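>>> I'd like to go over a predicted model; first the sequence, then the structure.
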Amino acid sequence: MLDYDDEALHYDASRGGEPRARAAADAVERLLPQGPGVVLDIACGTGIVTERLRGPGRTVVGVDRSPGMLGLAGRRMPGGVVRGDATRLPFAAASVDAVVIVWLLHLLPDPEPVLAEAARVLRPGGVLITTVDKNGGYFAEDSDIARVTADLRQQYAPQAPDDSARVLRWAAERGLRVAGRTVFPGTGQGRSPRRWCEAIGAELISWCTHASPDQLADVRRRLAALPDQDVARPDPQYRLVALKSRPSESQAARYQPAPAARQKTDSPVSVVKRSRADTPATELPRLSSPGLQTHRVQTPGTMAMIPPPTPLLPGSPTR
Ligand SMILES: C[S@@+](CC[C@H](N)C(=O)[O-])C[C@H]1O[C@@H](n2cnc3c(N)ncnc32)[C@H](O)[C@@H]1O
């Protein structure tokens with residue numbers, strides 16, 4: 001995985017900037033429950049999508065493990081971000097109405113610990129929205145790159161951590177049902193043959209990580225032979241799926257929604273700095289049951305101080 005602390009300053013500009021973020025947030029919004037509630041954006045990054053999910057009566061919280069990315073998110077959403085690992089979320093079970101995961105699963109060796117944590121913090125009947133098939137999004141349209149990579153994709157895409165069939169299998173086994181799907185355009189994100197070669201060489205493409213060195217060398221050679229080496233091919237269409245959790249009988253018995261749960265909860269999440277770095281440094285307000293509540297993560301150091309904001313530097317796209 002990339003070092004997102006290093007990426008932070010260039011991240012937004014190199015990932016389609018505001019148009020991509022707006023398109024992603026609009027697509028997530030189409031799948032989110034409307035009205036008041038608590039939305040947790042896991043792997044919020046710089047918060048460029050997260051901040052757009054805020055709305056009347058909705059409390060939006062971003063969590064990310066990269067201090068560099070989170071510093072920028074904190075500028076966008078003061079008091080609304082928490083440092084934490086997606087495999088050990090610092091939130092109580094059944095405490096959020098919706099979980100959003102944009103562009104995380106494809107980066108992971110195994111998506112299940114993150115999906116399981118997302119399902120844990122989701123209240124019964126809540127919605128988990130995630131991107132799937134990230135690298136497949138580039139092939140919504142036919143192109144010479146689509147043809148050159150077709151064999152590898154057919155062979156290895158099912159092993160990608162964010163493969164939609166894999167995510168839906170996981171969901172079905174846990175009683176989550178598909179509640180919606182949508183796509184959003186990756187404006188300005190189409191890659192040229194040269195950039196595909198670089199991305200494959202840097203092991204950034206999930207369906208390539210299982211291919212043999214010979215297969216990778218062959219596909220890179222064929223990409224390098226394509227015309228217009230620096231001309232980007234069609235923009236990708238990134239896919240989102242919404243999974244709705246079903247209250248089981250035991251969950252329903254434990255979960256007693258109070259009328260206050262649906263009340264307007266626009267108080268910002270507060271970040272409390274403490275004097276010792278090895279104590280949990282972040283606290284969220286205890287919203288009226290069953291609102292968002294933190295729980296202490298036992299491992300020291302899993303939550304840390306959110307760094308001061310880092311200035312955004314103008315920069316040209318790096319990847
Ligand atoms: C590709 S960026 C996506 C950021 C944001 N969702 C967006 O669409 O702009 C991936 C983010 O995942 C974060 N990340 C990776 N692994 C994580 C983990 N285990 N727990 C929390 N965040 C993680 C990285 O720090 C990075 O900010």
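All right, it came through fine.

>>> okay, residue 175 and the ligand: tell me how far apart.
Applying CB to the nearest ligand atom, to the nearest Å, the value for residue 175 to the ligand is 24 Å. Bear in mind the C-beta positions are built from the backbone N, C-alpha and C, glycine included.

>>> check what pLDDT that residue gets.
What the model reports for residue 175 is a pLDDT of 92.

>>> doesn't residue 245 make contact with it?
Yes - counting by CB atoms under 8 Å, residue 245 is a contact partner of residue 175 at 7.0 Å.

>>> if you count surrounding residues, which of those two has more?
Counted by other CB atoms under 10 Å, residue 175 and residue 245 do not tie: residue 245 has more neighbours, with 23 against 15.

>>> just grab the bridge partners of the more buried one for me.
On the basis of DSSP bridges, residue 245 is bridged to residue 176.

>>> quick check, it in contact with residue 120.
No - using CB under 8 Å, residue 245 makes no contact with residue 120, being 10.2 Å away.

>>> so the residue nearest to residue 215 when sequence neighbours are not counted versus residue 103, what's the distance?
Counting by CB to CB, 6 or more residues apart in numbering, residue 152 is the residue found nearest to residue 215 once chain neighbours are left out, at 6.2 Å. Separation of residue 152 from residue 103 (CB to CB, to the nearest Å): 21 Å.

>>> if you count surrounding residues, which of these two has more?
Neighbours per residue, other CB under 10 Å: of residue 152 and residue 103, the larger number sits with residue 152, 19 against 16.

>>> pretty sure the more buried one sits against residue 211.
Yes - counting by CB under 8 Å, residue 152 touches residue 211, with 5.6 Å between them.

>>> near the ligand, which residues of the stretch 51-200 of the chain show up?
Applying CB under 6 Å from any ligand atom, we find that the stretch 51-200 of the chain lies next to the ligand at 64, 65, 66, 69, 85, 86, 87, 102, 103, 104, 107.

>>> residue contacts, the third one?
Right, residue 66. By CB atoms under 8 Å, 6 or more residues apart in numbering, residue 66 lies in contact with 4, 5, 8, 45.

>>> give me the phi and psi for it.
Main-chain dihedrals, residue 66, degrees, to the nearest 10: phi -90, psi 120.

>>> give me the pLDDT for it.
97.

>>> circling back: just list the residues touching the residue nearest to residue 215, thanks.
Contact partners of residue 152, counting by CB under 8 Å, 6+ apart, are 207, 208, 211, 215, 219.

>>> neighbours of residue 147, how many?
As a burial measure, residue 147 scores 12 neighbours (other CB under 10 Å).

>>> helix, strand, or coil at it?
Here residue 147 is helix, with the state taken from DSSP: H, G, I helix; E, B strand; the rest coil.

>>> same question for residue 30.
helix.

>>> quick one: pLDDT of it?
Model confidence at residue 30, given as pLDDT, is 97.

>>> host element of the closest residue in space to it that isn't next to it in sequence?
Leaving aside its chain neighbours, residue 30 sits nearest to residue 182 (5.3 Å; criterion: CB to CB, 6+ apart). With the criterion set as DSSP states H and E, the secondary-structure element containing residue 182 is strand 176-185.

>>> and what of residue 71?
Taking DSSP H and E as the definition, residue 71 sits inside helix 67-76.

>>> assumed the residue nearest to residue 215 was part of a helix.
Yes - judged by three-state DSSP, residue 152 forms part of a helix.

>>> returning to that earlier point: name the next helix or strand downstream of the helix holding residue 71, please.
Following helix 67-76 in sequence order, the next helix or strand is strand 81-83 (DSSP H and E).

>>> residue 130 against residue 167, yeah?
Yes - Residue 130 is within contact range of residue 167, at 6.8 Å (criterion: CB under 8 Å).

>>> perfect, I'm done here.
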